[in-house]
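J.: Compute the structure for the input listed below.
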Amino acid sequence: MASLKVGNLGEYLREQRRNAQLSLRQLADAAGVSNPYLSQIERGLRKPSAEVLQQVAKALRISAETLYVRAGILDAERDRDEVETRAVILADPTLTGPQKQALLQIYESFRKENGFTVGDGAADAQDDAAEHDTRTAGAVEDDPQRKAD
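T.: From the prediction side, this is the model:
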């Protein structure tokens, strides 16, 4: 059963890499892991550590929590919806960092109101949104279409 989760992780990583339009070698370089090792992860032959998953997530600019769930490191069934909701918000290229932070704060307040605890990744998600905003601030300012909105 563990290899099945690793296989799903590999398929998911391959899909995310392709969506980011990165070659296996480019992602390996950006994540600081070897090309053969990353290939083995994608093929479901290796189960990476949380640290490697974090490096890969950062290189892909996706939530490390999502990779932890897919790898079976986090309790997937209980937290999957919360993690995926956060990941979708953070991955939306049409939102700025502050907009992502605001959405995450609203989401957390609704979950609290309904009796659910806020996951430990909430602060990390907000930090990721702020970091993304810092990286893309210049690009947004240079885009006349975004200025008009």
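
J.: So Ala20 versus Leu60, what's the distance?
T.: According to CB to CB, to the nearest Å, Ala20 and Leu60 sit 6 Å apart. To be clear about C-beta, it is placed using only N, CA and C from the backbone, and glycine gets the same treatment.

J.: Common neighbours of these two, please.
T.: Leu27 (CB atoms under 8 Å, 6 or more residues apart in numbering).

J.: okay, Glu15: pLDDT?
T.: We have a pLDDT of 93 for Glu15.

J.: Could you measure from it over to Arg61?
T.: 14 Å.

J.: quick one: which of those two has more around it?
T.: Taking other CB atoms under 10 Å, Glu15 and Arg61 do not tie; Arg61 has more neighbours (16 against 11).

J.: returning to that earlier point: counting neighbours, go ahead and name the busier of Ala20 and Leu60.
T.: Leu60 (21 against 14).

J.: Would you check that that one makes contact with Gln21?
T.: No - with contacts counted by CB atoms under 8 Å, Leu60 stays clear of Gln21, the gap being 11.0 Å.

J.: any low-confidence regions in this protein?
T.: 1-7, 75-80, 117-149 (pLDDT under 70).

J.: tally of neighbours for Glu113?
T.: With other CB under 10 Å as criterion, Glu113 counts 8.
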